[in-house]
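**Q** This is the structure alone, sequence omitted:
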(Lines give C-alpha, C1' and ligand atoms only; values in the text may rest on other atoms or scores of the structure.)
Protein backbone atom coordinates (compact mmCIF):
# COMPACT_ATOMS: atom_id res chain seq x y z
CA UNK A 1 0.00 0.00 0.00
CA UNK A 2 1.54 3.24 -1.18
CA UNK A 3 0.23 6.35 0.51
CA UNK A 4 -0.64 9.17 -1.97
CA UNK A 5 1.25 12.43 -1.69
CA UNK A 6 -0.67 15.61 -0.73
CA UNK A 7 -0.43 16.78 -4.34
CA UNK A 8 -2.00 13.52 -5.60
CA UNK A 9 -4.72 13.81 -2.96
CA UNK A 10 -5.53 17.36 -4.11
CA UNK A 11 -5.67 16.21 -7.74
CA UNK A 12 -8.44 13.73 -6.86
CA UNK A 13 -10.71 16.49 -5.50
CA UNK A 14 -13.34 17.91 -7.79
CA UNK A 15 -12.59 21.34 -9.22
CA UNK A 16 -14.90 24.11 -10.32
CA UNK A 17 -15.25 24.50 -14.07
CA UNK A 18 -14.20 27.85 -15.52
CA UNK A 19 -16.99 27.89 -18.14
CA UNK A 20 -20.47 26.39 -17.94
CA UNK A 21 -19.55 24.05 -20.79
CA UNK A 22 -16.18 23.35 -22.30
CA UNK A 23 -16.35 22.10 -25.90
CA UNK A 24 -12.92 20.56 -25.59
CA UNK A 25 -13.68 18.31 -22.61
CA UNK A 26 -17.49 17.96 -22.91
CA UNK A 27 -18.06 18.11 -19.17
CA UNK A 28 -21.32 18.95 -17.46
CA UNK A 29 -21.76 22.47 -16.12
CA UNK A 30 -20.47 23.11 -12.62
CA UNK A 31 -17.98 20.30 -11.98
CA UNK A 32 -15.27 18.34 -13.74
CA UNK A 33 -13.92 14.91 -12.90
CA UNK A 34 -10.17 14.96 -12.11
CA UNK A 35 -9.36 12.54 -14.94
CA UNK A 36 -10.43 15.32 -17.35
CA UNK A 37 -7.82 17.71 -15.95
CA UNK A 38 -5.21 18.21 -18.68
CA UNK A 39 -1.60 17.12 -18.28
CA UNK A 40 0.37 19.43 -15.99
CA UNK A 41 2.86 21.78 -17.58
CA UNK A 42 4.46 25.03 -16.45
CA UNK A 43 1.96 27.88 -16.30
CA UNK A 44 3.90 30.23 -18.54
CA UNK A 45 3.88 27.67 -21.36
CA UNK A 46 0.14 28.25 -21.86
CA UNK A 47 0.77 31.94 -22.37
CA UNK A 48 3.89 31.43 -24.50
CA UNK A 49 2.17 28.86 -26.73
CA UNK A 50 -0.83 31.11 -27.25
CA UNK A 51 1.29 34.20 -27.95
CA UNK A 52 3.36 32.22 -30.43
CA UNK A 53 0.20 30.98 -32.11
CA UNK A 54 -1.29 34.48 -32.55
CA UNK A 55 2.01 36.09 -33.49
CA UNK A 56 1.00 36.41 -37.16
CA UNK A 57 -2.64 37.38 -36.49
CA UNK A 58 -2.21 41.19 -36.50
CA UNK A 59 -0.45 41.17 -39.88
CA UNK A 60 -3.00 38.77 -41.34
CA UNK A 61 -5.88 40.97 -40.15
CA UNK A 62 -4.13 44.08 -41.47
CA UNK A 63 -3.71 42.42 -44.89
CA UNK A 64 -7.34 41.36 -45.03
CA UNK A 65 -8.59 44.79 -43.93
CA UNK A 66 -6.45 46.35 -46.66
CA UNK A 67 -7.95 43.94 -49.18
CA UNK A 68 -11.45 44.86 -47.98
CA UNK A 69 -10.66 48.56 -48.30
CA UNK A 70 -9.44 48.04 -51.87
CA UNK A 71 -12.61 46.10 -52.67
CA UNK A 72 -14.68 48.89 -51.14
CA UNK A 73 -12.96 51.50 -53.29
CA UNK A 74 -13.40 49.39 -56.40
CA UNK A 75 -17.11 48.85 -55.70
CA UNK A 76 -17.62 52.55 -55.00
CA UNK A 77 -15.78 53.61 -58.17
CA UNK A 78 -17.77 51.12 -60.26
CA UNK A 79 -21.04 52.33 -58.71
CA UNK A 80 -20.16 55.95 -59.49
CA UNK A 81 -19.33 54.99 -63.08
CA UNK A 82 -22.59 53.04 -63.43
CA UNK A 83 -24.62 55.94 -62.02
CA UNK A 84 -23.15 58.22 -64.69
CA UNK A 85 -23.91 55.66 -67.40
CA UNK A 86 -27.52 55.35 -66.19
CA UNK A 87 -28.02 59.14 -66.16
CA UNK A 88 -26.50 59.41 -69.63
CA UNK A 89 -28.70 56.57 -70.94
CA UNK A 90 -31.89 58.17 -69.59
CA UNK A 91 -30.93 61.60 -70.94
CA UNK A 92 -30.19 60.17 -74.38
CA UNK A 93 -33.46 58.22 -74.40
CA UNK A 94 -35.45 61.32 -73.35
CA UNK A 95 -33.89 63.40 -76.12
CA UNK A 96 -34.44 60.64 -78.64
CA UNK A 97 -30.71 60.24 -79.29
CA UNK A 98 -30.81 56.56 -78.35
CA UNK A 99 -33.67 54.25 -79.30
CA UNK A 100 -34.62 50.64 -79.81
CA UNK A 101 -31.92 47.97 -79.89
CA UNK A 102 -29.04 50.31 -79.05
CA UNK A 103 -30.86 51.59 -75.91
CA UNK A 104 -31.69 48.02 -74.92
CA UNK A 105 -28.09 46.96 -75.50
CA UNK A 106 -26.78 49.79 -73.28
CA UNK A 107 -29.38 48.97 -70.61
CA UNK A 108 -28.38 45.28 -70.53
CA UNK A 109 -24.69 46.23 -70.39
CA UNK A 110 -25.35 48.48 -67.38
CA UNK A 111 -27.39 45.75 -65.71
CA UNK A 112 -24.63 43.19 -66.31
CA UNK A 113 -22.07 45.56 -64.74
CA UNK A 114 -24.37 46.10 -61.72
CA UNK A 115 -24.45 42.33 -61.17
CA UNK A 116 -20.65 42.28 -61.31
CA UNK A 117 -20.54 45.00 -58.62
CA UNK A 118 -22.97 42.94 -56.51
CA UNK A 119 -20.66 39.93 -56.82
CA UNK A 120 -17.72 42.07 -55.67
CA UNK A 121 -19.77 43.25 -52.69
CA UNK A 122 -20.68 39.66 -51.82
CA UNK A 123 -17.01 38.72 -51.99
CA UNK A 124 -16.23 41.50 -49.52
CA UNK A 125 -18.91 40.20 -47.14
CA UNK A 126 -17.43 36.69 -47.42
CA UNK A 127 -14.00 38.08 -46.58
CA UNK A 128 -15.44 39.79 -43.50
CA UNK A 129 -17.03 36.47 -42.48
CA UNK A 130 -13.69 34.70 -42.89
CA UNK A 131 -12.04 37.31 -40.67
CA UNK A 132 -14.73 36.83 -38.05
CA UNK A 133 -14.23 33.05 -38.15
CA UNK A 134 -10.47 33.46 -37.85
CA UNK A 135 -10.71 35.63 -34.74
CA UNK A 136 -13.40 33.34 -33.32
CA UNK A 137 -11.07 30.32 -33.68
CA UNK A 138 -8.35 32.15 -31.78
CA UNK A 139 -10.80 33.14 -29.05
CA UNK A 140 -12.00 29.55 -28.70
CA UNK A 141 -8.40 28.41 -28.37
CA UNK A 142 -7.81 31.05 -25.70
CA UNK A 143 -10.89 29.85 -23.81
CA UNK A 144 -9.59 26.29 -24.02
CA UNK A 145 -6.14 27.27 -22.75
CA UNK A 146 -7.67 29.30 -19.92
CA UNK A 147 -9.78 26.32 -18.94
CA UNK A 148 -6.73 24.03 -18.87
CA UNK A 149 -4.78 26.57 -16.84
CA UNK A 150 -7.64 26.93 -14.36
CA UNK A 151 -7.87 23.15 -13.93
CA UNK A 152 -4.14 23.02 -13.30
CA UNK A 153 -4.31 25.79 -10.72
CA UNK A 154 -7.25 24.13 -8.99
CA UNK A 155 -5.44 20.80 -8.86
CA UNK A 156 -2.48 22.45 -7.12
CA UNK A 157 -4.37 24.98 -4.97
CA UNK A 158 -8.02 24.11 -4.38
CA UNK A 159 -10.24 27.22 -4.54
CA UNK A 160 -7.51 29.53 -5.82
CA UNK A 161 -9.15 30.38 -9.14
CA UNK A 162 -12.31 31.65 -7.49
CA UNK A 163 -10.23 33.88 -5.23
CA UNK A 164 -8.13 35.13 -8.14
CA UNK A 165 -11.19 35.81 -10.31
CA UNK A 166 -12.90 37.71 -7.50
CA UNK A 167 -9.73 39.72 -6.88
CA UNK A 168 -9.43 40.48 -10.60
CA UNK A 169 -13.03 41.70 -10.77
CA UNK A 170 -12.45 43.91 -7.75
CA UNK A 171 -9.35 45.39 -9.36
CA UNK A 172 -11.18 45.92 -12.65
CA UNK A 173 -14.08 47.68 -10.93
CA UNK A 174 -11.90 50.03 -8.87
CA UNK A 175 -10.84 52.63 -11.40
CA UNK A 176 -9.32 54.92 -8.78
CA UNK A 177 -6.60 52.40 -7.83
CA UNK A 178 -3.95 52.33 -10.57
CA UNK A 179 -2.40 48.99 -9.57
CA UNK A 180 -1.97 46.41 -6.84
CA UNK A 181 -1.31 47.86 -3.42
CA UNK A 182 1.03 46.23 -0.93
CA UNK A 183 -1.77 44.49 0.99
CA UNK A 184 -3.01 42.76 -2.18
CA UNK A 185 0.54 41.72 -3.10
CA UNK A 186 1.07 40.16 0.34
CA UNK A 187 -2.32 38.40 0.10
CA UNK A 188 -1.44 36.90 -3.28
CA UNK A 189 2.03 35.85 -2.04
CA UNK A 190 0.49 33.97 0.91
CA UNK A 191 -1.90 32.13 -1.42
CA UNK A 192 0.79 31.08 -3.87
CA UNK A 193 3.56 30.48 -1.33
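**A** Now that the structure is in, tell me what you want to look at. Values in this document were obtained by computation on a predicted structure and should not be read as measured data.
**Q** now for the helix or strand containing residue 137, which elements pack on it?
**A** If you go by DSSP states H and E, residue 137 is part of helix 100-156. The elements that helix 100-156 packs onto, with contact taken as 3 or more C-beta pairs under 8 Å, 6 or more residues apart in numbering; DSSP states H and E, are helix 6-12, strand 15-16, helix 43-53, helix 57-95, helix 160-173. For the C-beta atoms, the positions are set from N, CA and C on the backbone; glycine is no exception.
**Q** mean confidence for it?
**A** Predicted confidence along helix 100-156 averages 92 (mean pLDDT).
**Q** and the direction of it versus that of helix 57-95, what angle?
**A** Calculated by axes from the mean of the first three to the mean of the last three C-alpha atoms, to 10 degrees, helix 100-156 forms an angle of 160 degrees with helix 57-95.
**Q** Now do helix 100-156 and helix 160-173, the angle between them.
**A** Using the same axes, to 10 degrees, helix 100-156 lies at 120 degrees relative to helix 160-173.
**Q** Helix 100-156 versus helix 43-53: what angle between them?
**A** The directions of helix 100-156 and helix 43-53 differ by 170 degrees, with the same axes, to 10 degrees as the criterion.
**Q** hang on, the earlier thing: winner for burial among the helices and strands packed on helix 100-156?
**A** Scoring these by mean neighbour count under mean count of other C-beta atoms under 10 Å gives strand 15-16 as the most buried, with a mean of 19.
**Q** how much space is there between residue 116 and residue 98?
**A** Counting by C-beta to C-beta, to the nearest Å, the gap between residue 116 and residue 98 amounts to 22 Å.
**Q** The two: which has the busier surroundings?
**A** Neighbours were tallied for residue 116 and for residue 98 using other C-beta atoms under 10 Å; the higher tally belongs to residue 98 (19 against 13).
**Q** For residue 64, give me its contacts.
**A** For residue 64, the set of contacting residues under the criterion of C-beta atoms under 8 Å, 6 or more residues apart in numbering consists of 127, 130, 131.
**Q** okay if I get those as TSV plus distance to residue 48?
**A** Compiled in TSV, those are given as follows (distance: C-beta to C-beta, whole Å):
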residue	distance to residue 48
127	31
130	27
131	25
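**Q** So how do I select the buried members of these in PyMOL?
**A** The following PyMOL line selects those of the contacts of residue 64 that are buried, judged by 16 or more other C-beta atoms under 10 Å:
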select buried, resi 131
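**Q** of the contacts of residue 64, closest to residue 76?
**A** Proximity of the contacts of residue 64 to residue 76, judged by C-beta to C-beta, is greatest for residue 127, which lies at 16.1 Å.
**Q** Quick check: closest non-adjacent residue to the closest one.
**A** Spatial nearest neighbour of residue 127, excluding adjacent residues (C-beta to C-beta, 6 or more residues apart in numbering): residue 68 at 5.7 Å.
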